[in-house]
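Trainee: what follows is a predicted structure for the sequence shown.
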Amino acid sequence: MADQLRFDGKVVLVTGAGGGLGREYALEFARRGASVVVNDLGGDIKGGGKSSVAADKVVDEIRKAGGKAVANYDSVEDGEKVVQTALDHYGGIDIVVNNAGILRDRSFLRTSDADWDIVHRVHLRGAFKVTRAAWSHMREKKFGRVIMTSSDAGIFGNRGQANYSAAKLGLYGFSNTLAIEGAKNNIYCNTIAPTAGSRLTKTVMPDEVINVLKPEYVAPLVIYLCHESSQENGGLFEVGGGYVTKLRWQRAGGAVVRKKGVQMTAEQVRDCWNDIVDFETNPDYPVNISTDGAGRILSIIDQIENPEDPNAYPNPGGKGPEAAIGSKMRIENVELSTRDAMLYALSIGVSTTQENHLKFAYENSEDFSVIPTMSVCLAFPVMPGIMKSDAVSIDYTQLLHGEQYTECFKPLKSDEKYSIEGELVDVLDKGKGAIFITEAKMFDKNEELVSLNQFTTFVRGAGGFGGKRDSTVAKQPLPTPDRQPDAVVSEKTSLDQAALYRLSGDYNPLHIDPNFSAMGGFEKPILHGLCSYGFAARAVLNKFCNDDVAKFKAMKVRFSKPVLPGQTLQTEMWLEGDKVHFCTKIGETGQVCLSNGYVILNKDDRLAKL
Ligand SMILES: CCCCCCC[C@@H](O)CC(=O)SCCNC(=O)CCNC(=O)[C@H](O)C(C)(C)COP(=O)(O)OP(=O)(O)OC[C@H]1O[C@@H](n2cnc3c(N)ncnc32)[C@H](O)[C@@H]1OP(=O)(O)O
C-alpha cells in the first residue's frame, strides 16, 4: 500500500503487551515496520504473579511474521529497565504506548490502602516512570509520540472503581502537561479511553459484548496518533467497536457573583445558580491554562473592579490582551546605590583588566559614573507589574525579551532616589507570538525626567488573538550600514554572567534554573537580553564616547538570538552622523544576537555639562 502509515526505523515500546489491546498494538506496529519492545510482567489482572510467557508469545508471533520484537518482563514501575531494553536492542526509543494496567475493583467503602496504592502505582506511577525514562531520548531526536491509556471510568466515574477512575483521569492530566512540555521537541502526547474486550474488561462485561469490542478496532487510532504525520497533541479520544471520537471541555457561561465593594455570600451563589450551570447561553471550550484559565479569571476580576468597562463580562471573548493597553503603575523611592551601580557595571563586563574600570567599579574614583543603560534595571520592576495586571495572562516559560530602547535625559546619579512610572503602551499580534510594549519613565526627586525605557517583550505561542501586527508607538530598530565596521569589540562573557547579572534585578529563572529554561525549550539557562545590551552599550561608550556617559543619548536594539553564558559577544560598530549603528554577533557561532542596533550620541552641551 503506497500510503500506508509506516514505522520503519522507529522503536516502539508497548507496556502490558502480552495480551488484549497491548498485544494488538505490538503486532500492528511490527507489521508496519517498527522494532517493538513487548513489555509484560506476566502477572494476573490484580497485579499478582510474574511470568515471561505472555510477552514471549507475542514476540514469537511477531518474529514468525517477519517482524522485529524483543521481550521485556519488568514492572512498569521500573521504567528505566523497561526503556533500557529498547536502548540495548535497538539503540533508541521513539514511541511509548502506556497500556499496562491492573484492576482492584471494590466499592469505595471497602477499598483498602493497598487497593488504592497498587492501582495508582501501576497505572499512574508506571506511566510516569516509563515515559520519563524515554523522554530525554525522544528530546534528543526531536521526535516522540506517547499514548496514555485512560478510561471512561475515569472520565465519567464507575461504580466500584474509585481507585481505577482516579488513576485513569490522572493519566489525562499527566498527558496534558507532557503535551505542552513536549511540543517544542516534536513530542506529542495523547490519551485514549478505549472500550475493548480484554483481561480487564472481561471481569465487568458479558461475552457477547466483549466479542464485538475487538482490540483491532482500537489499535488503528493508536497507530495513527503515533505516526510522524499526525500533528494531534494533547487530545483525549474515546475509541471502541469501530467508533473514534475526540472529547473536550465545555464550560458554562457562569455568573459573576461578586460585586465591587460588597461581601460575597453563599446566598448570592444560590441566587445565581441557574447561570452558573447554564451551558446554553454563553458556553466556551477552554483549552489553555493561561488564556482560558487564570487569564480569564483575571479578566473577570478586571470587569468586577471596573464595572463601567464596555467589554463587561459575560462577554470576555470580545476582550483580547489589548484591553490592558494603558495599564499603569508607579513605584516611588527606587534607590540607585553606589554599590548597585558597581555591581551592574561588573555584571555587564566591566573588569579590572580594563584600563577604564575604576570609573565604573570604584566608588572613590574622581570621575565615578553610572553606566547609562543601568536605568533598565531600575525601571524593570514596573514591567512584570503591568503585564501581570488586568487582562494580560502570560506563560512565563515562553517569554523572551524582544527589543529595548533607552533614552537618557540626565546622567544617572548614585545614592539618589527615583520614581518610575510604567505604562503598557501597545500589544501586537505576531501570529506565533504576542508582543507587549511597556514604557517606563524615570523621574528624579524634582520630578524631572531622567530616562525613558521601552521594553518589548515577546511571548511565544500567545499570538493569534486577532490583534494588530505593527505599532505606531514602538521605537524601530535601524538597519546597519553595508560596509566594513569602523570599530569592533569582542568580549567573552563568563559562564556565571547570567548568575551575576540577575543580581541587578531581573530574577527571571530562565537565566539560572535549568528546569525552567528547559520548559522554555532551551538546553541551558540563557543570558539576559539586557546583559548583552549592557555589553554593547559599553562597547559604544568606549569606542565613540571616550567612556563619557554624558555623550550617550539613546540606544535601541532587537534581541534576535539567545546567547549562552560563556559565549563571546562581538560588537561591530559604524559611525554615521550622530548615530553609532551596531550589531552584535556570537563569536563562537557567527549568529547575530543583537540586530539593527543604534546609539544616538549626545551633541547637547547642556546635558554634557550636567
Ligand atoms: C513580565 C516580565 C517581563 C520580563 C521581560 C524580560 C525578561 C528577561 O528575563 C527575558 C530575557 O532576557 S530573554 C533573553 C533575551 N532575548 C532573547 O534571547 C530572544 C532572542 N530572539 C529570538 O529568539 C527570536 O527573535 C524570537 C523567538 C523572539 C522570535 O523569533 P521567531 O519566532 O522566529 O520570529 P520571526 O518569524 O523571526 O518573526 C515573527 C514576527 O515577530 C517579529 N520579531 C521577531 N523577533 C522579534 C524580537 N526579538 N522582538 C520583536 N519582534 C520580533 C518579526 O519582525 C516578525 O514580525 P513581522 O512578521 O510583522 O515582521
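Mentor: Perfect, thanks for sending it.

Trainee: up against the ligand, what does the chain have?
Mentor: 383-384, 387, 399-403, 430, 432-433, 435, 456-458, 460, 469, 506, 508, 510, 526, 528-529, 558-562 (CB under 6 Å from any ligand atom). C-beta coordinates here come from the backbone N, C-alpha and C atoms, glycine included.

Trainee: now, of those, which are buried?
Mentor: 383-384, 387, 399-403, 430, 433, 435, 456-458, 460, 506, 508, 510, 526, 528-529, 558-560, 562 (16 or more other CB atoms under 10 Å).

Trainee: can you tell me how far residue 286 is from residue 602?
Mentor: 52 Å (CB to CB, to the nearest Å).

Trainee: please say which of these two ends up with more neighbours.
Mentor: Comparing residue 286 with residue 602 by neighbour count (other CB atoms under 10 Å), the higher total belongs to residue 602, at 21 against 14.

Trainee: could you report the neighbour count for the residue in the stretch 1-150 of the chain that the ligand sits nearest to?
Mentor: Here the stretch 1-150 of the chain gets closest to the ligand at one residue, residue 142, 16.6 Å apart by CB to the nearest ligand atom. As a burial measure, residue 142 scores 10 neighbours (other CB under 10 Å).

Trainee: i'd like the first residue to be 701 from this point on
Mentor: Okay, residue one is now 701; in that scheme the one you just asked about reads as residue 842.

Trainee: might you report the residue contacts of it?
Mentor: When contacts are counted by CB atoms under 8 Å, 6 or more residues apart in numbering, residue 842 touches 885, 886.

Trainee: one step back: tell me which of the residues of the chain next to the ligand fall in strands.
Mentor: Those of the residues of the chain next to the ligand mapping onto strands are 1099-1103, 1133, 1135, 1156-1158, 1160, 1258-1259, per DSSP state E.

Trainee: setting aside sequence neighbours, what's the nearest residue to residue 1042?
Mentor: residue 1061 (5.2 Å; CB to CB, 6 or more residues apart in numbering).

Trainee: in this structure, which residue is most central in space?
Mentor: residue 1097 (4.0 Å; CA atoms, centre = their mean).

Trainee: distance-wise, check it relative to residue 1301.
Mentor: 39 Å.

Trainee: save the ones in strands among the residues of the chain next to the ligand as TSV, and put in pLDDT too.
Mentor: Shown next, in TSV, are those (pLDDT from 0 to 100):
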residue	pLDDT
1099	92
1100	96
1101	97
1102	98
1103	98
1133	88
1135	93
1156	97
1157	95
1158	95
1160	90
1258	98
1259	98
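
Trainee: which one among those gets closest to the ligand?
Mentor: residue 1102 (2.6 Å).

Trainee: need the contact list for that closest one.
Mentor: Counted by CB under 8 Å, 6+ apart, residue 1102 has contacts 1135, 1156, 1157, 1158, 1258, 1259.

Trainee: now distance to residue 1000 too, for those, in a markdown table please.
Mentor: Listed next are the contacts of residue 1102 as a markdown table, based on distance: CB to CB, whole Å:
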| residue | distance to residue 1000 |
| --- | --- |
| 1135 | 24 |
| 1156 | 28 |
| 1157 | 24 |
| 1158 | 27 |
| 1258 | 35 |
| 1259 | 34 |
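
Trainee: which one of those residues is nearest residue 1125?
Mentor: residue 1156 (10.2 Å; CB to CB).

Trainee: okay, and the beta partners of the closest one?
Mentor: When bridges are called by DSSP bridges, residue 1156 pairs up with residue 1103, residue 1137.

Trainee: now it: how far from residue 1179?
Mentor: 18 Å.

Trainee: check residue 1145 too.
Mentor: Taking CB to CB, one finds residue 1145 at 40 Å from residue 1179.

Trainee: over to residue 1150?
Mentor: 30 Å.

Trainee: re earlier: close enough to count as contact, the residue nearest to residue 1042 and residue 1046?
Mentor: Yes - look at residue 1061 against residue 1046 with CB atoms under 8 Å: they come within range, at 6.3 Å.

Trainee: strands along the stretch 751-900 of the chain, start to end?
Mentor: Along the stretch 751-900 of the chain, the segments classed as strands by DSSP state E, counting those that start in this stretch run 768-772, 795-798, 844-849, 887-894.

Trainee: what about the residue nearest to the centre of the chain, which SS state?
Mentor: Secondary structure state of residue 1097, per DSSP: H, G, I helix; E, B strand; the rest coil, is helix.

Trainee: contact partners for it?
Mentor: Counting by CB under 8 Å, 6+ apart, residue 1097 has contacts 1210, 1216, 1219, 1220.

Trainee: give me every residue that touches the second one.
Mentor: Put plainly, it is residue 1216. Per CB under 8 Å, 6+ apart, neighbours of residue 1216: 1097, 1209, 1210, 1225.

Trainee: got a list of what the closest residue to residue 857 other than its chain neighbours touches?
Mentor: Leaving aside its sequence neighbours, residue 857 sits nearest to residue 865 (CB to CB, 6+ apart; 5.5 Å). For residue 865, the contact set (CB under 8 Å, 6+ apart) comprises 851, 853, 854, 857, 858.

Trainee: and these, which two are furthest apart?
Mentor: Once CB to CB is applied, the contacts of residue 865 give 851 and 857 as the farthest pair, at 10.4 Å.
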